[in-house]
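Q: Sequence first, predicted coordinates after that:
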There are 2 protein chains.
Amino acid sequence: MSEAEGKGAGKGRVAEELASSLRELIVEGEIGAGDALPSERELAAKFEVNRSSVREALHRLEAVGLIEMKHGGATRVRDVLVSAGLHLLPFLVARSGRLDPEWLRDLLEVRVMFLSWCGEQAARRASTDDVERLEAIAREVAQVHAGERRGGAKALMTLDWDFFAALVATTHNRVLALLTNVVREVHTRDPAKFKAVYEGDAFEPKHLLRAVEAVRKRDSAAAAAAMRAHGESALQAIFPTPTRGKR
Amino acid sequence: MSEAEGKGAGKGRVAEELASSLRELIVEGEIGAGDALPSERELAAKFEVNRSSVREALHRLEAVGLIEMKHGGATRVRDVLVSAGLHLLPFLVARSGRLDPEWLRDLLEVRVMFLSWCGEQAARRASTDDVERLEAIAREVAQVHAGERRGGAKALMTLDWDFFAALVATTHNRVLALLTNVVREVHTRDPAKFKAVYEGDAFEPKHLLRAVEAVRKRDSAAAAAAMRAHGESALQAIFPTPTRGKR
DNA sequence: GGCGCCAAACTGGTCCGACCAGTAGCAGGT
DNA sequence: ACCTGCTACTGGTCGGACCAGTTTGGCGCC
């Protein structure tokens, strides 16, 4: 009866939980694009919640582009790849509780692009304050990496994110800021999943230090290259094969 | 394909309209980050709609990160730049009905990054079919641009988008596909706004043709350069000053 | 038999009023 | 002065009624 089985989180909110369940069904492909969902009244009965709550849950999914509600007609599942926004990236990357290698790879590839471009733009726009901020973080990373400070992989992960965030801020590009918000969702939803990137010897603070120096010198090409190397190292750590190759 | 119908204003949906009104108030800065919204019951009375509809509207805004609802506490406006997703890019870029130059510039800059990177990845992953598809579109663009075919700026805009979409598809990167969905929202919400990019002599099909050739030869660097040039030309057309420069 | 119209039986959308469940702030006791 | 606990808020859930579109199928007409 009571599907009181607490999912990952979010008790209290009935609607949120229902949305979570439905999202999972869709993301896992158990409902397939184009299929019609049960009617709101049916869902309400099936999940033993009020129809208002069902609607609330459905609206959440609609807002993210997962489903399409049509007055008078059925509510249908949309094709994730052509209608969904980045909001459900976290759920796609970590479907079935595990990291999906395909999605993770795509994500890390895009990350390389981001890092590289942020480096390039940051080098063009950075103020001396920006440079100092970046340098402070980079140094801290180096210290933690060298074992001079406590923290380990977890601390590295946090600092790496801080560096990225600082870099984005340095570009003064607000579109990028919005993009970063979404990336942060992925990053913070389940940090443990990405720990591997920071554990081996793949993580090299020197890239960050090089990037800082390049930004200081206003050398956008070098900054881009350094950040690209930083991103590539993570990619290589998880997918040792060269960047190319068929999928 | 064509699913973006004119949505200038009044919807049949009460909740949607209310959400629109509130979103505008927030995006225009009339409610300011951190401020508390009136209670749901107050809003219901003020807008003469039911509280359920108010909640529906609020949930829509919450879903995109515009506001924060706390059980027992007040519903507050969040800082757009640190919490909002890309979903409201269209509203930020076109706030007050006009294109905001600052946002547009940021957007076009990011577009340059996208195009460039897509070119690079496409060159690595393209099948012969992909190349043919890209070439077909590029040729069409060239024909329209040369006046051999009807359409003018509007047709160019559509074709340019098709090319971009095809390029993204060629990368086989699904994260990028999601990202593209969001970009499409901006692109299709009010196409007339972006007409300027395709009207002057700024738009040069040769970049696309060069990109196709580079992709065919698996020359990722050349493809990246060509697409970057393509993006830069649009940027230059609207913001004639060199890429750098303070803001 | 085949065609077309119309009405019932769906669907989602809105409304109402009540109650549950947290929060914050004020009042009173210590 | 501090802490406690009540109370008057806030949002969250409920269920039941009704409105408004879509879909469907049967009935009458051709």
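A: The structure has been received and is ready for your questions.
Q: so after the strand or helix carrying residue A:82, what's the next helix or strand?
A: Using DSSP states H and E, residue A:82 maps to helix A:80-83. Downstream of helix A:80-83, the next assigned helix or strand under DSSP H and E is helix A:89-93.
Q: can that following helix be found next to chain B?
A: Yes. Helix A:89-93 is in contact with chain B by C-beta under 8 Å from any C-beta of the partner chain, via A:89, A:92. Heads up, the C-betas are built off the backbone N, CA and C, glycines and all.
Q: helices and strands around that helix, which ones?
A: helix A:14-27, helix A:101-125, helix A:174-189, helix B:174-189 (3 or more C-beta pairs under 8 Å, 6 or more residues apart in numbering or on different chains; DSSP states H and E).
Q: who's in contact with that helix?
A: A:23-24, A:27, A:80, A:99-100, A:103-104, A:107, A:182, A:185-186, A:189-190, B:174-175, B:178 (C-beta atoms under 8 Å, 6 or more residues apart in numbering or on different chains).
Q: Please read off the pLDDT at residue A:7 from the model.
A: Residue A:7 is assigned 37 on the pLDDT scale.
Q: Sort out which residues of the host helix or strand of residue A:62 are buried, please.
A: Element membership for residue A:62 (DSSP H and E) is helix A:51-63. Residues of helix A:51-63 classed as buried: A:53-63 (neighbour count, 16 or more other C-beta atoms under 10 Å in any protein chain shown).
Q: now stretch A:72-90
A: A:75, A:77-78, A:80, A:83-90.
Q: Same list (those) but as JSON lines, adding distance to residue B:195.
A: As requested, the buried residues of stretch A:72-90 are exported to JSON lines (distance: C-beta to C-beta, whole Å):
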{"residue": "A:75", "distance to residue B:195": "36"}
{"residue": "A:77", "distance to residue B:195": "35"}
{"residue": "A:78", "distance to residue B:195": "29"}
{"residue": "A:80", "distance to residue B:195": "31"}
{"residue": "A:83", "distance to residue B:195": "26"}
{"residue": "A:84", "distance to residue B:195": "28"}
{"residue": "A:85", "distance to residue B:195": "25"}
{"residue": "A:86", "distance to residue B:195": "27"}
{"residue": "A:87", "distance to residue B:195": "30"}
{"residue": "A:88", "distance to residue B:195": "32"}
{"residue": "A:89", "distance to residue B:195": "32"}
{"residue": "A:90", "distance to residue B:195": "36"}
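Q: contacting residues for the spatially most central residue of chain A?
A: Of all residues in chain A, the one closest to the mean position by C-alpha atoms, centre = their mean is residue A:186, 2.4 Å from it. Going by C-beta under 8 Å, 6+ apart, residue A:186 touches A:89-90, A:93, A:107.
Q: Could you rerun that using 7 Å?
A: A:89-90, A:93 (C-beta atoms under 7 Å, 6 or more residues apart in numbering or on different chains).
Q: now swap in residue A:40 and tell me
A: Contact analysis of residue A:40 by C-beta under 7 Å, 6+ apart lists A:51, A:54-55, A:58.
Q: Reformat those as TSV; add distance to residue B:124 and pLDDT.
A: Formatted as TSV, the contacts of residue A:40 follow (distance: C-beta to C-beta, whole Å; pLDDT from 0 to 100):
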residue	distance to residue B:124	pLDDT
A:51	50	94
A:54	45	95
A:55	45	93
A:58	40	94
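Q: These also near DNA strand C: which ones?
A: Applying C-beta under 7 Å from any atom of the strand to those, one finds that A:51, A:55, A:58 fall near DNA strand C.
Q: And those, which is closest to DNA strand D?
A: Distance to DNA strand D across these (C-beta to the nearest atom of the strand) is lowest for residue A:51, with 6.3 Å.
Q: Give me the spatial nearest neighbour of that closest one, chain neighbours excluded.
A: residue A:44 (4.2 Å; C-beta to C-beta, 6 or more residues apart in numbering or on different chains).
Q: Does that neighbour belong to a helix, a strand or coil?
A: helix (DSSP: H, G, I helix; E, B strand; the rest coil).
Q: Make sure residue A:71 is indeed in a strand.
A: No. According to three-state DSSP, the state of residue A:71 is coil, so it is not within a strand.
Q: backbone phi and psi for it, please?
A: Residue A:71 adopts backbone torsions of phi -60, psi 120, taken as degrees, to the nearest 10.
Q: That one and DNA strand D: what is the separation?
A: 5 Å (C-beta to the nearest atom of the strand, to the nearest Å).
Q: Quick check, pLDDT for that residue.
A: So, for residue A:71, pLDDT stands at 92.
Q: Also residue A:112?
A: So residue A:112 comes in at 91 (pLDDT).
Q: Could you check how many residues crowd around the residue nearest to residue A:51?
A: 18 (other C-beta atoms under 10 Å in any protein chain shown).
Q: which residues sit in contact with it?
A: So residue A:44 contacts A:50-51, A:54 (C-beta under 7 Å, 6+ apart).
Q: and whatever helix or strand residue A:229 lives in with helix A:101-125, angle?
A: Secondary structure assigned from DSSP H and E places residue A:229 in helix A:220-238. For helix A:220-238 against helix A:101-125, the angle by axes from the mean of the first three to the mean of the last three C-alpha atoms, to 10 degrees is 160 degrees.
Q: Contacts (any at all) between chain B and helix A:220-238?
A: No. Helix A:220-238 lies apart from chain B when judged by C-beta under 7 Å from any C-beta of the partner chain; the minimum separation is 8.8 Å.
Q: rewinding a little: could you flag which of the contacts of helix A:89-93 are buried?
A: Buried among the contacts of helix A:89-93 (16+ other C-beta under 10 Å): A:23-24, A:27, A:80, A:99, A:103-104, A:107, A:182, A:185-186, A:189, B:174-175, B:178.
Q: Residue most distant from the centroid, chain A?
A: Outermost residue of chain A (C-alpha atoms, centre = their mean): residue A:72, 36.0 Å.
Q: ok so, going back, residues touching the helix holding residue A:82, excluding its own?
A: So helix A:80-83 is in contact with A:33, A:65, B:174, B:177, B:181, going by C-beta under 7 Å, 6+ apart.
Q: Report the separation between whichever residue of chain A sits closest to DNA strand C and DNA strand D.
A: Closest residue of chain A to DNA strand C, C-beta to the nearest atom of the strand: residue A:39 (3.3 Å). Between residue A:39 and DNA strand D the distance is 10 Å, computed by C-beta to the nearest atom of the strand.
Q: just checking, what packs against the helix holding residue A:62?
A: Counting contacts by 3 or more C-beta pairs under 7 Å, 6 or more residues apart in numbering or on different chains; DSSP states H and E, helix A:51-63 packs against helix A:14-27, helix A:40-47, strand A:67-68, helix B:51-63.
Q: need the contact list for the spatially closest residue to residue A:37 that is not a sequence neighbour.
A: In space, and not counting its chain neighbours, residue A:37 is closest to residue A:75: 4.7 Å by C-beta to C-beta, 6+ apart. Contact analysis of residue A:75 by C-beta under 7 Å, 6+ apart lists A:36-37, A:58, A:67-69.
Q: ditto for residue A:51
A: A:40-41, A:44.
Q: Can you give me the distance of it to residue A:39?
A: 10 Å (C-beta to C-beta, to the nearest Å).
Q: Please apply the same query to residue A:154.
A: 46 Å.
Q: among the helices and strands of chain A, which has the poorest mean pLDDT?
A: Ranked by mean pLDDT, DSSP states H and E, the weakest helix or strand in chain A is helix A:195-199, scoring a mean of 70.
Q: contacts for the helix or strand just after that helix?
A: Proceeding N to C from helix A:195-199, the next assigned helix or strand is helix A:205-216, under DSSP H and E. Outside helix A:205-216, the residues that touch it by C-beta under 7 Å, 6+ apart are A:119, A:122-123, A:126, A:131, A:134-135, A:138, A:141-142, A:145, A:163, A:222-223, A:226-227, A:229-230, A:233.
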